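1. Fold the following.
(2 chains)
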Amino acid sequence: MQVNSNNFVSLAEIAIHNPELQDAVSDGTRRAYDKRANSMFADSNEQGEAMRHQAFEAKRRALRNLPDLLEKAESNLLSNGFKVLWAVDADEANRQVQAILKDHEASTVIKSKSMLTEEIGLNHILEDSDIRVVETDLGEYIIQLNNEPPSHIVAPVIHKTKAEIRDIFIREINMEYTDDAGEMVAYARKMLRRDFLNADVGISGGNFIIAETGSLGLVMNEGNGRMCTTMPNVHIALVGIEKVIENLEDYATLDQVLTRSGTGQNLTVYTNIINGPSRESEVDGPDEVYVIFVDNGRSEVYGTKYTEALSCIRCGACQNACPVYRSVGGHAYGWVYGGPIGAVLTPLYTGLENATPLPHASSLCGSCKQVCPVDIDLPRMLLDLRYDLVHEKVDNKWQLGLRGWAMGMQSPLLYGMGAKAARMGQKLMGDNMPGVLGNWTEYRDFPDFAPKSFHEMWQDRQKGKLQ
Amino acid sequence: MSSREKILGRLRAAQKPFTDIPPVTQPRHMVPDVVDMGPAELQARFMAELELLGCTIYRPSDNQDALDHIIAHIGDAKQVLSWDDAHLPVTGLSAALKEASIDVMPFNDGEAYVGITGADAALAATGSVIVSSGAGKFRTASLLPDIHIAIVDANKLVADFETWIANQREQGLSAFRESSNTTIITGPSKTADIAQILIKGAHGPRKLHVVLVNAAVS
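-> Numbers count the residues shown, from 1 in each chain, chains lettered A, B, ... in the order given. Now for the predicted structure:
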């Protein structure tokens, strides 16, 4: 997916002036935030904190030995009958999927929700080669009909109201008018059922790869993911290399903190553990199952001060908790992941120069770290990214401004002149500051300077004393 | 150099992270209060959790009662998907279905209204039913129909996900590895993607009905 994160400010402005989005996002995030809190993670809940810590350790133990664990996972996946491929970047992953589809002469693909496939822009690549791609998670289905990317990790269409979704269904798939969400779901169920029964290939992501047993772990509520991994003859799972964990015990821990943090459920409706293709004695299930390990920027992050970003299990809790995300929604962040984790992952995966506003798109209130089921220190990384922006001279405007500021602050003469000039300037210009500073005062009042600075008053006082 | 070598090479060249994480101790259970429960308490908890999830439960008095109940629950539907008799904790279901002129359809029938499965285990803490795939235990029976009837043997009820894993490990993970697909089902299929309104029956069954056989009578 193309990166548009340098336009964060103008994208945020669009979102702030969209009343439907404002209603939908603030309502959706608040509810999800409360569900999580009610699900063992209220602030003072010791058990919740202990489980969070257990999950934190499980994920970091896995990352510590990532290369070895990937090899172990591969070898156990292979002995379970999976086919394993490795992709350095988006292009390679897309080509591998295309090649598999070609081998099987596939024309229709059903997909369950996968943020990684959004990263690599798989749908458009496949559609360009005349493959029909059907997103089957209800939220993803809706935004695919409306030709939009998802705006939230677990609730892709959190930015739309019921009425907007109704209108998309009427316009795109000829639904008869109804305001009943149940009828809308039933209609989508009917529309997608044919594709579930007839598609050639199913594509999914992967929540976890369990190295010890060579298993793919997938969690979902609607059952569409089970359809995608059961009905077609071929199943392809695209999985980030950071998704490997050690064993089933860690799966139990991580899966349960994931669902409680994401949707407040003890477990999602379907917790799937896939151990390879259908055995000979089985009548259903795919004959071939591929796991594609996708790097796409992850190995560059590994071993740096940002490594802990790789422990994210994609629950969306930091998005629900973030005052910035709650105000602007996910699309404003300009790439796949919005919210605090997106403000960290986007510069790391796509290059800091492509996402210079994102490290600043945070009030550093710390909510994101507090709700994170694996205790990722997002505020610390946002600060480090700001440091990198300056230190690596990525953001020159910012750096020039800071250098000017530093020069002024270090010289009493310059400081005094600057203060006088600012005071005079304000008298002349009124409340609207000139140039780039006008971006600030357009929406905010700039407080009046005092007629005299403290320094000047002090000097006057000293003079008075002397007299 | 292959992509595999490139990726692994980059990871190996990096500084090893998180070297201060301690080795694993005995992990905690997510829901600790179920761990020491006896069978009767587990059953009560299982039933309470199922109810919270919006599932319905029936405890038959004997095999005939179970069969009669299942036939009655199928109601007017004349087509079902069903696991083979050998994998159900009741005897004579296929004969009873035939008697009632209910057709057992092939696994890929997308129209069958009811799906009947057994369960490899059930979890009290979360009200979950575990189905693993295998010969005569196809996956679509718990997925395609509107109604899923899971016939659960109360003797297969365990405390929670963690206990189930510990039991698999005691058996050397052999049963676990044998199955290509293990699904822990917790309630009926649902979605809240439209404005957070909870709707049951997204793509899978909208109702999950548990017939609990060999249950302790309270």
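2. tell me which helix or strand of chain B sits lowest on mean pLDDT?
-> Across the helices and strands of chain B, the lowest-confidence element by mean pLDDT, DSSP states H and E is helix B:174-178, at a mean of 94.
3. Skip ahead from that one and say which helix or strand is next.
-> The element immediately downstream of helix B:174-178 (helix or strand, assigned by DSSP states H and E) is strand B:181-185.
4. That following strand and chain A in contact?
-> Yes: using Cβ under 8 Å from any Cβ of the partner chain, strand B:181-185 reaches chain A at B:N181, B:T182, B:T183, B:I184, B:I185. For the C-beta atoms, the positions are set from N, CA and C on the backbone; glycine is no exception.
5. I'd like those as CSV, with neighbour count and pLDDT appended.
-> As requested, these are exported to CSV (neighbours: other Cβ atoms under 10 Å in any protein chain shown; pLDDT from 0 to 100):
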residue, neighbour count, pLDDT
B:N181, 29, 98
B:T182, 21, 98
B:T183, 27, 98
B:I184, 25, 98
B:I185, 32, 98
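6. Pull the most distant pair out of those.
-> Using Cβ to Cβ, the two most remote members of those are B:N181 and B:I185, lying 12.1 Å apart.
7. And the helix or strand containing A:K102, what does it pack against?
-> Under the criterion of DSSP H and E, A:K102 resides in helix A:90-103. Secondary-structure packing of helix A:90-103 (3 or more Cβ pairs under 8 Å, 6 or more residues apart in numbering or on different chains; DSSP states H and E): strand A:83-87, helix A:122-128, strand A:201-204, strand A:234-240, strand A:288-294.
8. What is the subsequent helix or strand relative to that helix?
-> Moving toward the C-terminus from helix A:90-103, the next helix or strand (DSSP H and E) is strand A:108-111.
9. What average pLDDT does that following strand get?
-> The average of the pLDDT scores along strand A:108-111 is 98.
10. can you give me the offset of that strand from its chain's centre?
-> For strand A:108-111, the distance between its averaged C-alpha position and the chain's averaged C-alpha position is 23 Å (Cα atoms, centre = their mean, to the nearest Å).
11. How about that strand and chain B, any contact?
-> No: judged by Cβ under 8 Å from any Cβ, strand A:108-111 makes no contact with chain B; its nearest approach is 10.6 Å.
12. The stretch 251-400 of chain A: strands as residue ranges?
-> Using DSSP state E, counting those that start in this stretch, the strands assigned to the stretch 251-400 of chain A run over residues A:270-274, A:288-294.
13. Quick check: the gap between A:D34 and A:P286.
-> Computed as Cβ to Cβ, to the nearest Å, the A:D34 to A:P286 distance reads 39 Å.
14. Just want to know which of these two has more residues nearby.
-> Comparing A:D34 with A:P286 by other Cβ atoms under 10 Å in any protein chain shown, the one with more neighbours is A:P286, at 23 against 13.
15. Next, the contact list for the more buried one, please.
-> A:G202, A:T229, A:T230, A:P232, A:N233, A:V234, A:H235, A:P277, A:S278 (Cβ atoms under 8 Å, 6 or more residues apart in numbering or on different chains).
16. quick one on the thing from earlier: looking at the helices and strands packed on helix A:90-103, which is nearest to chain B?
-> The stretch from those with the least distance to chain B (Cβ to the nearest Cβ) is strand A:83-87; that distance is 4.0 Å.
17. Now do the biggest helix by length in chain B: which elements does it pack against?
-> Among all segments of chain B classified by DSSP state H, the helix with the greatest residue count is helix B:39-52. Using 3+ Cβ pairs under 8 Å, 6+ apart as the contact definition, the elements that helix B:39-52 packs against are strand B:56-58, strand B:157-158, strand B:207-213.
18. Before we go further, B:G115 is sitting in a strand, right?
-> Yes: going by DSSP: H, G, I helix; E, B strand; the rest coil, the assignment for B:G115 places it inside a strand.
19. which residues of chain B score low on pLDDT?
-> B:217-218 (pLDDT under 70).
20. Could I get the full set of strands for it?
-> Taking DSSP state E as the test, the strands found in chain B are B:56-58, B:79-82, B:103-104, B:114-117, B:121-123, B:128-132, B:147-153, B:157-158, B:181-185, B:190-191, B:199-200, B:207-213.
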